[in-house]
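S.K.: Sequence plus the predicted model coming up.
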Amino acid sequence: MDWYPLWNSLRIALISCAAVFFLGIFAAYYIAKLPRVLKGVLDVVLTLPMVLPPTVVGYFLLLLFGAKRPLGIFFMEHFGVKLVMNWYSAIFASIVVAFPLMYRTARGAFESFDETLAWSAQTLGLSNTWIFWRVRMPCCRQGILAGTVLAFARALGEYGATSMIAGYTPGKTATIATTVYQLWRTNNEAGAMQWVLVDIVISAVVLLAVNLLERRQKQGGKHT
């Protein structure tokens, strides 16, 4: 059994999750401070990939990163890098589809934060950066961690946009999701079932992690 799809899927999911973690927190924190109308518009734009069909997301990514598009031509001419049909192309797709989960969860965590804690820290002369990482983030950590786990799970199971921008090449761009489809399409049901079982195990672990974080969050709320 070729384990490359598992390794590639985990690699893509981890890199995407790391990017989404900081992007989602940054967006959630600063957009919350914007005027109501602007915040509403940006909220719709940033969460749109969560409701759009993945193939539509993949289509937009091809319009942006395609080999015949300005951005694709620029990277090819100046860096010799092809942005589509490579393993790292799937990172773009995973970031786009996983970002809304991290953003929405982080926003909810920040909105439930007791601002009096930050105001009290400001009276002590502490910087906003110190307050954010030492006060706000610890208080919101359960929600942030839950969003991170959900974003990782979404990136790991991404198929539609990935199949369009990265394709399927065994040993190069194959992921668990695309491998299952290709094996099923070629009537290799035994091979497809093996990867289905692998994916089920990983998904079960992720769900257990989310449930554990939610349980700890509820227990923390009871003690406060």
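M.R.: The structure has been received and is ready for your questions. Numbers count the residues shown, from 1 in each chain.
S.K.: mind listing the helices for this structure?
M.R.: Using DSSP state H, the helices assigned to the chain run over residues 4-31, 36-47, 54-65, 70-79, 89-111, 115-123, 128-131, 137-139, 141-156, 160-165, 176-185, 189-223.
S.K.: Who are the packing partners of the first one?
M.R.: Pointing back at helix 4-31 there. On a contact count with 3 or more CB pairs under 8 Å, 6 or more residues apart in numbering; DSSP states H and E, helix 4-31 meets helix 36-47, helix 89-111, helix 141-156, helix 176-185. Backbone N, C-alpha and C define where each C-beta goes, glycine included.
S.K.: tell me which residues of the third one are tucked away?
M.R.: Within helix 141-156, the residues scored as buried using 16 or more other CB atoms under 10 Å are 142-156.
S.K.: again, but for the second one
M.R.: For helix 89-111, the neighbour count (16+ other CB under 10 Å) marks 89-107, 109-110 as buried.
S.K.: about what we covered before: between the buried residues of helix 141-156, which sits nearest Leu197?
M.R.: Leu156 (14.9 Å; CB to CB).
S.K.: Tell me who's in contact with the nearest residue to Tyr29 once chain neighbours are set aside.
M.R.: Distances taken as CB to CB, 6 or more residues apart in numbering put Phe110 closest to Tyr29, at 6.0 Å, once the chain neighbours are dropped. By CB atoms under 8 Å, 6 or more residues apart in numbering, the contact list for Phe110 reads Ala28, Tyr29, Ala32, Arg136, Cys140.
S.K.: Look up the pLDDT of the residue nearest in space to the middle of the chain for me, please.
M.R.: Per CA atoms, centre = their mean, the C-alpha nearest to the average position across the chain is that of Ala98, at 2.9 Å. Looking at Ala98, its pLDDT stands at 94.
S.K.: Quick one: residues contacting it.
M.R.: The contact partners of Ala98, taken as CB under 8 Å, 6+ apart, are Ser16, Cys17, Val20, Ala151, Phe152, Arg154, Ala155, Glu158.
S.K.: how many neighbours does the nearest residue to the fifth one once chain neighbours are set aside have?
M.R.: To tie it back to what came earlier, the one meant is Phe152. Spatially, and ignoring its direct neighbours in sequence, Phe152 is nearest to Cys17 (4.3 Å; CB to CB, 6+ apart). When neighbours are counted by other CB atoms under 10 Å, Cys17 registers 23.
S.K.: what's the spacing between the residue nearest to Ser16 when sequence neighbours are not counted and Leu23?
M.R.: Excluding its sequence neighbours, the residue lying closest to Ser16 (CB to CB, 6+ apart) is Ser94, at 3.7 Å. Distance of Ser94 to Leu23, given as CB to CB, to the nearest Å: 12 Å.
S.K.: packing partners for the lowest-mean-pLDDT helix or strand in the chain?
M.R.: One helix or strand of the chain scores below all others by mean pLDDT, DSSP states H and E: helix 189-223, with a mean of 81. In terms of contacts (3+ CB pairs under 8 Å, 6+ apart), helix 189-223 is packed against helix 141-156, helix 176-185.
S.K.: Output the contacts of Phe110 as CSV; include the columns distance to Gly66 and neighbour count.
M.R.: CSV is the format used below for the contacts of Phe110 (distance: CB to CB, whole Å; neighbours: other CB atoms under 10 Å):
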residue, distance to Gly66, neighbour count
Ala28, 30, 25
Tyr29, 33, 16
Ala32, 34, 14
Arg136, 40, 22
Cys140, 38, 22
